[in-house]
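Here's a sequence, model it:
(2 chains)
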Amino acid sequence: MTYFPEEVVEHIFSFLPSHSDRNTVSLVCKVWYEVERLSRRAVFVGNCYAVRPERVVLRFPNVKALTVKGKPHFADFNLVPPDWGGYAGPWIEAAARSCVGLEELRMKRMVVSDENLELLARSFPRFKVLVLISCEGFSTDGLAAIASHCKLLRELDLQENDVEDRGPRWLSFFPDSCTSLVSLNFACIKGEVNSGALERLVARSPNLRSLRLNRSVSVDTLSKILVRTPNLEDLGTGNLTDEFQAESYARLTSALEKCKMLRSLSGFWDASPICVPYIYPLCHQLTGLNLSYTPTLDYSDLTKMVSRCVKLQRLWVLDCISDKGLQVVASSCKDLQELRVFPSDFYVAGASAVTEEGLVAISSGCPKLSSLLYFCHQMTNEALITVAKNCPNFIRFRLCILEPKKPDAMTGQPLDEGFGAIVRECKGLRRLSMSGLLTDKVFMYIGKYAKYLEMLSIAFAGDSDKGMMDVMNGCKNLRKLEIRDSPFGDVALLGNVAKYETMRSLWMSSCNVTLKGCQVLASKMPMLNVEIMNELDGSSEMEENHADLSKVDKLYVSEMEENHTDLSKVDKLYVYRTTAGARDDAPNFVKIL
Amino acid sequence: MSEGPARSSTESSSPASSGLDFEDTALTLRLPGSDPDRKRAASTSTPARRSPRASASEAPPAPKAQVVGWPPVSRNRRNALPSRGKFVKVAVAGAPYQRKVDLEAYAGYDQLLAALQDKFTSHFTVRRRVGNEEMALLDVVSGAEYVLTYEDKDGDWMLVGDVPWSVGPECDDM
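The predicted model follows:
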């Protein structure tokens, strides 16, 4: 083997952008492991409990960008009880001790406190990028700490976080010397911000490319800001429901027209239809448009806007757009790659705004479509089969029929054939969420055809354990499996236990798995954490019987008492591979077997 | 809420905790106006601002099967849109006015109790029994203990807490 100096090996590694490739080369030999770990700049931790933070920072002392994800995805829908875990503290503390060169931190579904943010702000002198998505536990005081101490801050991106509002002053904490901002997103902040401070901040940020405001920012402030940001590429508007003043809106239009680089628009909180025409001059250059927070716009307002957006690649919209509106999208937006249609009403209403017809229209008009999230009232197999043929390039396909277990609206049949067509035709499919009436057959199709599927979400589907087992056995690239309210039990859970080592996690809630099944899983697979959560009733009884088992990794079946409570169903189960052992921050309603 | 112990129901109406039998509960989908017993929560709670789409259906939307976490829309998004959540009236014996709570906003009985404590903050501090057998609120002035009860679809007064939270509400009044 040719000898390469380490610097050369390191240089070769620098061409490997993906984490999995770098992980692979680190396994080749000790020398490569060392070279790789010392030169690793970006580390991605998909499950914060899969590995101890200390271990990560010791292995990669020169990491510049760290990404950590916490709670399971179903936490977004209130299925994970509060105080479950996912604390950012240990990660920030470990990095503060060992990786002071850290520049970027991205966290999703984690609990971040103001103290954590203080520590972050003070510990990393070159800190540049903070992205928090669906996090909670902090207030605007924590943001003030970031603003004041991160002198080189480039990005502060807050998406869908639950932030306690302690007043508008946080924005004023950016010092006058802070001129490095490229991206600022505070759309999820509920309270007022000081408009003067905002205008001054924008005025001294010549590199600003992305700015997403919250609802409190007025049209006038927006106009003043836009005059300062001719290079803006991405804008989230503030409040567009001000008492309509033609003058304000005329100023807004002329300011917007100067933003020749503007490609992406969002915000539009409850925007009045009257203000929409003032956005028209921009539409032809837009590649991204998010109108999903605007229930005040009806089909005709939306189509007037969208029909002008001929370069659109990404559209998020409410189902107010209706099937007719989607037909307009299909005929106008030929470059569309991503479509999300959200429900404006979470209950099943009398009339369907969006049905399978809209989806079929989109699929035939937009062949580049690769990512879909579609909430609707009904679907048919015929439509899904047509969609699959029209758009074989789907990477993400998420369909949510609002009424659980609803069959094909035309034939009354299960939707197995429709989803089967999707997985068969879309050979690159990586993520799938299904709904409607589904039998074990659809899982047979998924196991047979969905070879690249990485994430599968199942709700109210299937008939028997065979369904889940077909998926576990067939989907070679499966990483995340999340199931709710489906009749899969211990046989499915234990049918392929080695599989869990190749996956990030399994979530099962309101299924048929029992405590005994979970205990058997825990005993067979010591490298997994098997977490169970039950409703308040009954769990205290189990605590007493099995208290001594709560911290033990290995269980032996022969030592367990034959106890009828073992057959009691487990309400929520979360299984994940880990090198960290049982976590020590679990609340009392979580039992780790 | 009524003072003192609530009448307990003679029949076990709680469905399988797996939630699979949700069709067996009272949570059936009904067309608007077909069930005179149930108050239309949506029609008594939200302001009149509706999207123009609503003109297609004349009646307020029928309350759907109340399943937690369904449809799978994030909290952030639910809160952002005008909520038509499952609103129930909460009355406290002796309080001058009633309050409304949106049951969909809470992930469990704990959060609901905490929210009720906030709403009736002049009356109570929260006190829960160990083992969570009863959800109780304590009146700081009189020391009297209040239990949380609700009236279910059959018109019976039930003690809150027996039915797993994930099954969803069966009631209009507490």
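
Skipping adjacent residues, who's closest to residue A:67 in space?
In space, and not counting its chain neighbours, residue A:67 is closest to residue A:106: 4.2 Å by CB to CB, 6 or more residues apart in numbering or on different chains. Just so you know, the C-beta spots here come from the backbone N, C-alpha and C atoms, and that holds for glycine as well.

Just the element for the one you found, please.
Using DSSP states H and E, residue A:106 sits within strand A:104-108.

got the angle for whatever helix or strand comes next after that strand vs strand A:104-108?
Stepping forward along the backbone from strand A:104-108, the first helix or strand reached (DSSP H and E) is helix A:114-123. When axes from the mean of the first three to the mean of the last three CA atoms, to 10 degrees is applied, the directions of helix A:114-123 and strand A:104-108 differ by 160 degrees.

Return the set of buried residues in helix A:114-123.
A:114, A:116-121, A:123 (16 or more other CB atoms under 10 Å in any protein chain shown).

neighbouring strands for the helix or strand that it is followed by, and are they parallel or not?
Counting by DSSP H and E, the next helix or strand C-terminal to helix A:114-123 is strand A:129-133. Take DSSP bridges as the rule and strand A:129-133 pairs in its sheet with strand A:104-108 (parallel), strand A:155-159 (parallel).

Would you mind finding the most buried of these?
strand A:104-108 (a mean of 21; mean count of other CB atoms under 10 Å in any protein chain shown).

circling back: just give me the closest of the buried residues of helix A:114-123 to residue A:277.
Distance to residue A:277, by CB to CB, is smallest for residue A:117 among the buried residues of helix A:114-123, at 41.4 Å.

can you pull the contacts of the closest one?
With contacts taken as CB atoms under 8 Å, 6 or more residues apart in numbering or on different chains, residue A:117 has the following neighbours: A:138, A:142-143, A:145-146.

likewise residue A:130?
Residue A:130 makes contacts with A:104-106, A:120, A:146, A:150, A:153, A:155-157, as judged by CB under 8 Å, 6+ apart.

rewinding a little: ok, and what's touching the strand holding residue A:106?
In contact with strand A:104-108 (CB under 8 Å, 6+ apart) are residues A:64-70, A:88, A:91-92, A:95, A:120, A:127-135, A:155.

just stretch A:261-274 next, same as before
Taking CB under 8 Å, 6+ apart as the criterion, the residues outside stretch A:261-274 that touch it are A:187, A:209, A:212-213, A:215, A:230-241, A:244, A:256, A:279, A:282, A:285-291, A:293-298, A:301, A:314, A:316, B:80.

and the next element down the chain from the least confident helix or strand in chain B by mean pLDDT?
Of the helices and strands making up chain B, the lowest-confidence element is helix B:41-45, at a mean of 36, by mean pLDDT, DSSP states H and E. Past helix B:41-45, further along toward the C-terminus, the next helix or strand under DSSP H and E is helix B:75-80.

Which helix or which strand is home to the residue nearest to residue A:490 when sequence neighbours are not counted?
Counting by CB to CB, 6+ apart, residue A:490 lies nearest to residue A:517, which is 3.0 Å off, once chain neighbours are set aside. Residue A:517 belongs to helix A:515-524 when assigned by DSSP H and E.

Not counting residues beside it along the chain, what's closest to residue A:150?
Using CB to CB, 6+ apart, the nearest residue to residue A:150 is residue A:127, at 4.8 Å.

Return the residues in contact with residue A:389.
Neighbour list for residue A:389: A:421, A:425 [criterion: CB under 8 Å, 6+ apart].

any idea which helix or strand comes after the one helix or strand it maps to?
Taking DSSP H and E as the definition, residue A:389 sits inside helix A:381-390. Next along the chain after helix A:381-390, taking DSSP H and E as the criterion, comes strand A:396-401.

Off-centre distance for that following strand?
Computed by CA atoms, centre = their mean, to the nearest Å, the chain-centroid distance of strand A:396-401 equals 15 Å.
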